[in-house]
Each structure stands twice: as C-alpha cells, then as structure tokens.
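J.: coords below, sequence missing:
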C-alpha cells in the first residue's frame, strides 16, 4: 500500500545516513528512510511540508516510511516543536521517531574512548533507570562525532529510535546537550499521587509535602492538551471530560521538582 499523510508535518531532524528524515505532527512521528534519494528538495530543520507519500516498512521494530515521491517545497519554516519531556522509565515503543528531552542524564564513559564515536551505544541514566544513547553511523555526519563525552549530567534532546525491544535516544547535534534547566536540580519524586488511574472524566494530583505549581497533560506524541495552574494548592482536580480515551503523559511541576506519570483514560 502507498500512504499519504494528511495535513502538515514538521521536520525535526535529518542526516546523511540513507537521506533519513524525522517528521512529526500533533498525532505522531515517523522516520523517513530514503536510501534511493527520492526526496530531492532541500529542507531546513523545522520546515513544514505537505503531501508526504510512501510505503511503510519495519526495520528492527522501527516503523519507517519509504518515500514514493518528492513532496516539493516547504509550506512554512521556523516552526516550533516542543520536545516531550520524558524519563528513561517512561520511554517506550509509542515514542519512536518523536522529539523528546531527558533531564539530568549521565553518560557512562567507555573504557576505550572519551569522545563520541559513530555507531556506538552508550549507557545513560537519569535517576529513574538506565537506557541507551545510540549514535548513528558515520554517514550521518553529526557535529558531535569526535567531541568529548560530557562528564557531568546534561539535559539531552533527541529523537527516539527503536531497536528490537529497546527505545534508544539519538541526539541530533551538539546543541542537544545542555546544562540542566534550573540551578536547583529537577528531581523525580515518588510522593506525588495521581488518582484514579485509569480515570474517566477527572483525576486528582496530590502532593502532601509541597505546593503544586502546574499540571500539564500530553498525548504520547507530545501534544499539550491540558495545562492547569496549581495556585499554591497541594491537591488539584483535572477535568478530562472532553478528552479521548487512551494513554497520556501527566507532567507535574511541584516546588523545584518535575515528575511525569502515565495516565490511562478509560470509558
């Protein structure tokens, strides 16, 4: 089958490996694998295009679109795609090809080198669990190849690649490695309660030890669908009556801490 993606999609990353491109919209993200170089129009990161067409394939559990034609000129440029904030414990198959950010990530230094190599898997941790940072092959031509591996925790942005059962983070450039977002460490706390879960038309967020500043609800594809100010409360009710059933990510900002939890809406 040949599929045509309706509406606009935004380019979040491209590199020289098989002319690969990552596109995202409000419903999802996908890797375009274009080894035949069907797409000849030059795009810049965060350009929006329409008419993306191709056949679906799966490589090591990573869903790919193999293009059938060149979509042509971008319809807009300089768009903003806010990375979905996740923990390594949250990362899953549903996030593949998405632009995400992980906070305060430590990279385990290999025994035999101190600079990033192409086609290498680095063990990373963020206080919740361990995962993998994977660099693409040399043909990708990314600017952090052969640069020093950070020896302090970083906020790392990147796209998610799926390899068999593992979801792996792939940074796009040196600018994807940044110092932690705040001077006070944003840590994951286990004392924030979210209930009921699954929920039907409302749920509650409670922090018995600190005030809740903000609660944000995202789809698994990174689209913000709810944002509620806590106004200093320690218990907050969130109305979800207008939202579709499914899985969501709830981000709770409380004191100097950020926590993300999964929420199932069932009806």
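T.: Arrived safely. Predicted, not measured: the structure shown is a model, and the values here were computed from it.
J.: only C-alpha atoms for contact and neighbour calcs from this point on.
T.: Fine.
J.: hang on, residue 206 packs against residue 193?
T.: Yes - between residue 206 and residue 193 there is a contact under C-alpha atoms under 8 Å: 5.1 Å.
J.: neighbour-wise, which of the two wins?
T.: Neighbours per residue (other C-alpha atoms under 10 Å) separate residue 206 from residue 193, with residue 206 holding more: 20 against 13.
J.: low-scoring stretches of this structure, by residue?
T.: 181-190, 221, 255-257 (pLDDT under 70).
J.: list the contacts of residue 150.
T.: Counting by C-alpha atoms under 8 Å, 6 or more residues apart in numbering, residue 150 makes contact with residue 107.
J.: tell me the secondary structure at residue 205.
T.: Following DSSP: H, G, I helix; E, B strand; the rest coil, we place residue 205 in the strand state.
J.: could you report the neighbour count for residue 26?
T.: Residues lying near residue 26 (other C-alpha under 10 Å) number 15.
J.: in the sheet, who's paired with residue 238?
T.: Beta bridges link residue 238 to residue 203 when assigned by DSSP bridges.
J.: bridging residues for residue 217?
T.: Where residue 217 sits in a bridge, its partners, by DSSP bridges, are residue 226, residue 250.
J.: thought residue 144 was touching residue 116?
T.: Yes - with contact defined as C-alpha under 8 Å, residue 144 reaches residue 116; the gap is 6.7 Å.
J.: helix or strand for the spatially most central residue of the chain, which one?
T.: Nearest to the mean C-alpha position of the chain, counting by C-alpha atoms, centre = their mean, stands residue 100 at 2.2 Å. Residue 100 belongs to strand 99-107 when elements are defined using DSSP states H and E.
J.: how far off centre is that strand?
T.: Averaging C-alpha positions (C-alpha atoms, centre = their mean, to the nearest Å) puts strand 99-107 10 Å from its chain's average.
J.: list the strands paired with that strand, with their directions.
T.: strand 84-86 (parallel), strand 121-125 (antiparallel), strand 154-163 (antiparallel).
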